[in-house]
Structure formats: structure tokens, C-alpha cells
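1. Here you go, sequence then predicted model.
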Amino acid sequence: MVFVFAPNGKTICLHLNPSTATLHDLKLSLHSKSLIPPSLQRLILSSPLRLLTSQDSLLLSELGVGPNSTLTLHVPFLGGMQAPGVPPTRPRLEFLNSKPPPNYVAGLGRGATGFTTRSDIGPARAAPDLPDRSATTIGGAGAPSTGAGRGRGKGGEEEEDDEGDDKGYDENQKFDEFEGNDVGLFASAEYDEDDKEADAVWEAIDKRMDLRRKDRREARLKQEIEKYRASNPKITEQFADLKRKLHTLSAQEWDSIPEIGDYSLRNKKKRFESFVPVPDTLLEKARQEQEHVTALDPRSRAAGGTETPWAQTPVTDLTAVGEGRGTVLSLKLDRLSDSVSGLTVVDPKGYLTDLKSMKITSDAEISDIKKARLLLKSVTQTNPKHPPGWIAAARLEEVAGKIQAARQLIRKGCEECPKNEDVWIEACRLASPDEAKAVIARGVKSIPNSVKLWMQAAKLEHGDLNKSRVLRKGLEHIPDSVRLWKAVVELANEEDARLLLHRAVECCPLHVELWLALARLETYDNAKKVLNRARERLPKEPAIWITAAKLEEANGNTSMVGKIIERGIRALQREGVVIDREAWMKEAEAAERAGSVATCQAIIHNTIGIGVEEEDRKRTWVADAEECKKRGSIETARAIYAHALTVFLTKKSIWLKAAQLEKSHGTRESLDALLVKAVQYNPKAEVLWLMGAKEKWLAGDVPGARAILQEAYASIPNSEEIWLAAFKLEFENHEPERARMLLAKARERGGTERVWMKSAIVERELGNTAEERRLLDEGLQRFPSFFKLWLMLGQLEERFDHLDRAREAYESGLKHCPNCIPLWLSLAILEEKTKGLSKARAVLTVARKKNPQTPELWLAAIRAECRHGQRKEADNLMSKALQECPKSGILWAAKIEMSPRNERKRTSADALKNCDKDPHVIAAVAKLFWQDGKAEKARTWLNKAVTLAPDIGDFWALYYKLELQYGSEETKREVLERCVAAEPKHGEKWQVVAKALENSHQPTEAILKKVAVAIGREEIAAENNGKH
């Protein structure tokens, strides 16, 4: 088998054996399949690359062609001329290039005549024939040919002229740079099979080359189109997002959009206004027209007062005016009519909506009512069986104030459409109170199965007994109407309602609400029977099972609640009902709101795991519980956590979330029980032990807290957190000796740097300075990179005015902790006290170089300059600081306070642009409102600040100070309670007060009040400095 790759891109398979077949056999087989003559075939062997031009008698194997070899076929292009000696056939003449008949004038047959222009003189006819130049092109300059030329006949001048005409040669034809004119050099040659074959081959080559470039060309074209569309978007694309929002518009909003007028410049024609004096005759005529004449004209009196003088009557053709108005109205009605059936296409329903808000306030609206009356009259006349037309016509008359005409129209509508309930209801509405009952009686007589009419008839009655009588009459005609049954049950007393519901469930056995209403009215035993009957009639209704569970819970049988829900879910699944987990969770929340907590828990327990993958259970259940908690469904969330804890007993995170739920919405007893159970299953969870101990401590049970911590230490003997919690418990309860012993044991067992720090704090509280220094020195030898020990050592030296030692402590700390900002700030403050501003500047400059983009260092430098009255230098530093830290809230807050009063508003706007959610900026803006006396706005902004950063005590102090000035006792108490619950630990002023020795054991409430007083003192001092 040999493969040949043809010029058209296809591969030809030839069943030849290279060992027995010759090159001639190959060419013959190729000719039979591709119709390419053997003489034109040029075969190229791919490997090695060479042209097979040997003798055709050689075997293919001798030429290097083996089985499954691939050859490439090449066909040379030899031109399209015919062989010499073949008589040429004249090509078909083209109409536009053919010679016109003698005396032919274009357009003469349709009445056109020749015309003369400057460019061509003479009649409008074809140009005279030009001599044929094809002979001169081939054989010489006008010389006659001596022999039979290729593609032409024998010599002779006349034959040459005819030959030129037959060729259709025209030198005025379009010229092509590649082929010459459109006729071409070989136009007279015969187009034979070889030419056709060559054209097919080249066309196949062109197609293949085009296919190779197709993907690249299409990609380039697509890219150009996308680029063009991106730079030149359509109007519809620019407004696509706005058009998508139009579906949210209501009909009233759409109608309220004002009509846009034509404000284009082309329609704004400049009017030439000229003012000329008014002639006296016009003024006199105007005066006469406005004059009230109380006496008859003498000529009129002469005629007995029955004639009007012609001069006072305007010359107007009233007949023509009437005919014109009739013509206009008929044209409008014709446009509104259907061309096929002749019925009007006015939309009466849409017109009804417009009539509701229609009020007559001008003569123009009266004219509109007249037009509408004519249109609706056409509607009711052309299609009298169309109820909305009658209703619209009646409402139009009602709007116009003609209530009697409206009643007559709707009465006709009732006669024409007696089976339409809307017409009868409209007639009842328009009728007088005395006639309304008669109208609705005729309506229910015409349509006895209309629920709307019976409900309307019941509304017309005054007493409950009469309404009930009408509704029962309606139930005689429509016994399966649930709406009528509900209405009649609502009017009845409990005993009658029970009897009615017994009848209702017989007539409407597939309506679950009637069954449930009957079960609620029955006794416990009868309710069970009713629900069993309902379950038989409606086996796919889950509400019946839920109601049964609520019934058992209400009667104290809580043990049956879970069994009923479980049986119900199995029964529903047998019936093919899909258990929707989300729907059942909503039912659980509804049961919780109804007070059926056991039912809620049973539903959650049996449905919470349906449709949840095993690996997604924890994440899904926690998310469900949090969502229920947000919606206020606490019992549902508690049930979800309870079920999750039965599956994930050792998951600390779920226990913590359940404990948080109990802490927020439960009782202390429930929280203690939960935490006891939690530490049983998670004895290595420090946080659970600590939470249990803290709750005991907050409840005032210090011995209980000690017992929990002892158990925790037994479970986790080497836990530093438990050691420190035990120390804090003793320390806060004024048991310093116990606390000292606990810390000594912790140090012996290799405590961390926190243990040494707490030990030093205890000694500082007790006033043992030597022991405090010893512990700090030992701690620094063990943990030289713990900056808090260096800070405490420096502060210890400062308390005793050993400033040189304090400086050495700070500098030593910075060698070990060069990135510690509190150490740099403490050293700068110390240098400012001892050596002045220049030394403090140097320290802060070095600190900023080692810790770039640190806003605290910039703020310390700015405040140092302000303290020494260097306001200009402080402003320069602030500008540099905001360039380096443009998103720093503390810097923007300081800039707001430093700005002049008239620039603070603009500065605060810039600050909010750069960091709109920074609590420091928000608190600074609140201060501005406070200074302007806008207490409510200041309260709002401070509330936002403490919400964003509840751990910063300075904001709570500001908030509390505001309430002291403007708030009530209730708002003060609320801020205090919120601050105590937040337990703030940070804040520039808060930490100064909270860490003072005299405030070491003070509660949060006392610290808050002291910070508020300190802030007040600072504000007074700042005001005094500003005055001086």
C-alpha cells in the first residue's frame, strides 16, 4: 500500500506492492483516482527527499519506495492555451461589450432623446468602434499576418476587424496591474479539460493555504472587532445596566417620569420678534368684545328683540366646524378599530386603572372625559359582551360626577354580561345601600357558584347572624369552597365552629387547614382521632404530624414527641415525599415561636442531617445554628448544637460556640452543666477549663473556681495558662501570698517570660522593690528579648528618680529589641525630661529610620514639638508623616485636632476619604460635633467608634463623658454596662490609668469614670493653653 498526498490536501491510498509494481503502474493508478494525466504528474519521495524522474519501467522498490511510503504529487502549471492546429471557438459575446446596431440611440424606446454635453459633442449614443489592437500586440505594429496565427484565422483586413469585434476587446475596460485588462492574453484560447484540471488543482492549493492561515486570520479579525467595540460601544451597551434595573420600577414610578421635550438645536429656530404699535381699531374691537351690554341694540329693538345685528356676529361656518370635529373623531376611532373584525382595541382594563386617580380640575380634563366617553361608548357598542368596557364606562361617569348615568351603564352591563361576577360586584358598589342587596341578589341568582358574589353579599349584611345565614346559603350552592367555610367558621362560636368544621372536612377533605383547625377545637382524645383521619386522607402532608407532636407536648407527653416526628418522617418518605431540610428547619422555628420547644428539638434531631454530606456536617450545622441565632431562634440553635455535640463529642470549637450561646441567652446553671460535660469529653482543652472557672468566679463562687482549676491542673499538669489563671484568681481576690506561691511553683517548673512578668507585678503591688528588681534581672537573663521586662525595669528606676539607670535599661532593651516601639517612646520621653527637645528629636529620628512607616513614632515627634510651642515644625512633621503613612487613623485624628477651627471640617472630610472605618478618625469627628453642640450626631459617631473598636477604653470614656453632659440616667447606665461587658484593655489614656498602682484592683466601671475625668482635665488644660 502506497499513500500519495495530493495538491488539494487529501491523501490518496493506492493498493500497490512496491516489490512488483512499476512507476508506470503507480501513475496509471493515480490517474484513475485523481484524473491527473501521467504526463503532468511529478512525484516526490518524502524520505529521502528526491524527485522520481527515472524510467517508468523501474520497480517502485528500486526507487526507494517501500510499503506504507508517502509520496507528494506536484502538478506544474503550463498555461491555458490550446495546442496549435485546433480551430478556436468564439467566446460568448458579453452584452455590454458588444457592438450596438446602426442608428441605435439609448433610451429612445422609452421616450428619451440624445443630449449634448461639453465633454462629448453629438447625440447620446455609443462611442465609435476602436480598431483592434490585439494583432499589433502579438505580431507587429499594424502589419498583416503572413500565416495562420495561433488563435486567429487567415489574413485579411476585414477578418481582422471582425475578429477584434468578436473578441469583445475594449481598451476602455478596467485595467489590472497583474493580468493587464480583464479580457486577458489568452481570452481566445479554448478552455479544455486540462485547463479545468489545472484550475481545480490551484484552487485546492489556495484552499489549503487559506485553511492554514484561517485560525490566525480569524483570531486577528476577532481581536480587531473586540478592540473596535471596546472603543466604540453601542448606545444600547452603554445603558444596558440601567435598562436591567427598569424591572424594579412600579407603574406609578414609570408614570411619574416626565416627558422629555425636543431640545435639539435644529428645532430651535430663531424667532424674529418685532414690536409695532397697536392700531386704534384693534383696541376698540377688543373693548367692544369685552364689554357687557345691558341694553338691546336699537335695530334689535326694532325687530322686537328677536334678531341679532349681523355686525356683532362673528363670521364662522358652524357647519364646517362640526363636520371637521366629526371627521377627526372618526379618524381616531378608525385607528383604534381592528381591521379584520371591526372591534375596538381599546384596553378598558388599563383605562380602569387610570380612572381611579382621576380628578376633574380644569376645562381641558372635561374635554378629555368627553373624548373618553365617546371611545368607551364605541367599545360597548362594538363589543357589548366585553365586561371591562362596561365597568370602565361606569367608572368614567362616576369620576365625572354622574352617578346615575354610571348606574344605568352598569345595569346595561349586567344585562349584557349576566355571567360575569366583576360586573355584578361593580353594580353592587355603585348602587345605593338600599338597592345593593337587591343587585347582589340578582347576581347570585345569575351566578350561584360565584364565591366572590356570596362574600360580597355577606359584607352587605350588618349582623354576624345575617352574614352567617348568607354564607351558609352560599355553601348550599358551593359546598367545596374553602373560603366560604373559613368565613362562616370565623363568625361562629366555638361549639358551632366545631360542628361546621366537621361538615367542612367532609366537603373539603383535602384541605389541611380545616383539619388542623378542627383538631385545635377538639378535646385531646377527639383531636387525636381527627388527626388520624386527616393523616389517612392526606398521607403526604407533614403539617399533620407536626400538629400531632405539638398536641402531645401540650398535654405533657414529651416522650411521645420525638417518636411521632420520627414516625412521620418515615411515613412521608414511604409516600415519596422529599424531605426538605430547610423547610423543616423553618417548621422547627415556628414551633419554637409557638412555645413547643420539645417539638422544635425533635424536628431538628430528625431532619438536621438529611441531605448533608458527611464531611460538610460540622461546617453546615454550625452555620445553621448561627443563622438561627441571628433570627432570634435560640431554642432551634441550641437544639442544633446539642445534636452536633452528639456527633462531634471531641470538637472543642462546637463546645465553645454552644457555651457562648448559653452565656448570652441561657442561665448560669445551663452554662455550668454544659461546661462540665465539655471538659469530660475534652479534658485537654484549656479554654473550656478556664471558661468554667471564670464563670464560677463571676458568679461569686471562688472556692468552686479553685476546684475547677485544680481539676484542670490534674488533667493538664504543665499548662501555663492554668497556672496564670489560678494566680489571677488569687491576686484579684486579695490573696497575694497564695498568688506568690503559685508563681514560685510555676518558676520552679520552668515558666515562660509571662510568669516572671507576673511575679514582678506581684512584688510591685506588695512594695518589695528589691525582690522586684531581682526578679526582673533574673527574667532578663533568661529572656533578654522580652521587651516588657525591660520596660518594667526602666519604669522601676524612674519611680525612684534613677534616670541614668532608667536610660541604660531602655538602651539595653533597644539593643535586644530594636523594633519595640514602646521602648523608643519611653526613651524619648525620658530624654525630653532630662536633656530637652533636641535629644528627644534625635532619639525619635533614629527610631523612625529603624522602624519606617510607624505612625506612633511620628505622632510622638509631633506632640513633642507641640508641647514646646514649635507649631510650624509640628505641621511639617505632620505633612511628612501623612505622606509616609496616608492610611493611619491616629495621624489623621491628630491632624483634625491640630487644625484651626475653620479648617477642621475640611480636614475631617479628607481623613474620612483616606480611612473612613478607622475608629480614631470617627472619634475625632464625633468630638467636632460635640464641640458644635450637636450631641445626637456626636452620640451616633461615638457609638460607631466603640462598635468598631470595643477594646479601646478611650472611646468608651469619651462616650460616657458625652452621656454625663447630655444624656439621661438610662443612657449613662447603658454605656456603663456595655463598657463592662466589652472589658477594654487598650487605649493611650486608659492604660495610664488602669496600670497605675492605686488602680490595680479597680473594676472596669471605676476605671471608666477616672479616665473620663482625666480627659476632662486635659481638655480644660488645652483650652487654657489656647487662650494664652
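-> Looks like it arrived, so ask away. Numbering: from 1, shown residues only.

2. residues of the helix ranked longest in the chain that come out buried?
-> Counting residues, the longest helix found in the chain (DSSP state H) is helix 193-231. Within helix 193-231, the residues that qualify as buried by neighbour count (16 or more other CB atoms under 10 Å) are 194-195, 197-198, 200-201, 204. Where C-beta positions appear, they are placed from N, C-alpha and C, glycine not excepted.

3. Out of the residues you listed, which is nearest to Y104?
-> Taking CB to CB as the measure, Y104 lies nearest D195 of these, at 36.0 Å.

4. what's the helix or strand for R774?
-> Using DSSP states H and E, R774 falls within helix 769-782.

5. After that helix, heading C-terminal, what element do we hit next?
-> The first helix or strand that comes after helix 769-782 along the chain, using DSSP H and E, is helix 787-799.

6. if I read this right, C817 contacts L823, doesn't it?
-> Yes: with contact taken as CB atoms under 8 Å, C817 and L823 are classed as touching, separated by 6.2 Å.

7. between the two, which one's more packed in?
-> More neighbours sit around L823 than around the other of C817 and L823, counting by other CB atoms under 10 Å; the figures are 24 against 19.

8. The more buried one and S812, how far apart?
-> According to CB to CB, to the nearest Å, L823 stands 10 Å off from S812.

9. just P18 next, same as before
-> In this structure, P18 and S812 are 96 Å apart, going by CB to CB.

10. If you count surrounding residues, which of these two has more?
-> Residue environment comparison for P18 versus S812 gives the larger neighbour count to P18, 20 against 16, counting by other CB under 10 Å.

11. ok, now which ones touch the closest residue to that one other than its chain neighbours?
-> Distances taken as CB to CB, 6 or more residues apart in numbering put L60 closest to P18, at 3.8 Å, once the chain neighbours are dropped. Applying CB atoms under 8 Å, 6 or more residues apart in numbering, we find L60 in contact with 2, 16, 18-19, 21-23, 26.

12. Let's see if you can find the most crowded of the residues you listed.
-> Compared across those, L26 has the highest neighbour count, 24 neighbours, by other CB under 10 Å.

13. Next up, identify which helix or strand R638 is on.
-> For R638, the element it lies in under DSSP H and E is helix 634-647.

14. which of the residues in that helix are buried?
-> 634-641, 643-645.

15. residues making contact with that helix?
-> 585, 588-589, 592, 597, 600-601, 604-605, 608-609, 617-618, 621-622, 624-626, 628-629, 651, 654-655, 657-658, 661-662, 665-666.

16. so how far is it off the chain centroid?
-> Averaged C-alpha coordinates place helix 634-647 at 34 Å from its chain's average position (CA atoms, centre = their mean, to the nearest Å).

17. Export only the CA atoms of that helix, formatted as PDB.
-> The C-alpha coordinates for helix 634-647 follow below in PDB (Å, rounded to 0.1, in the frame of the first residue of the first chain):
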ATOM      1  CA  ILE A 634     -32.400  30.400  70.300                       C
ATOM      2  CA  GLU A 635     -34.000  27.100  71.100                       C
ATOM      3  CA  THR A 636     -33.500  26.000  67.500                       C
ATOM      4  CA  ALA A 637     -29.800  27.000  67.600                       C
ATOM      5  CA  ARG A 638     -29.500  25.200  71.000                       C
ATOM      6  CA  ALA A 639     -31.100  22.000  69.500                       C
ATOM      7  CA  ILE A 640     -28.700  22.200  66.500                       C
ATOM      8  CA  TYR A 641     -25.600  22.500  68.800                       C
ATOM      9  CA  ALA A 642     -27.000  19.700  71.000                       C
ATOM     10  CA  HIS A 643     -27.300  17.300  68.000                       C
ATOM     11  CA  ALA A 644     -23.900  18.400  66.700                       C
ATOM     12  CA  LEU A 645     -22.300  17.600  70.000                       C
ATOM     13  CA  THR A 646     -23.700  14.100  70.000                       C
ATOM     14  CA  VAL A 647     -21.900  13.500  66.700                       C
END
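
18. what about that helix, average pLDDT?
-> The average of the pLDDT scores along helix 634-647 is 90.
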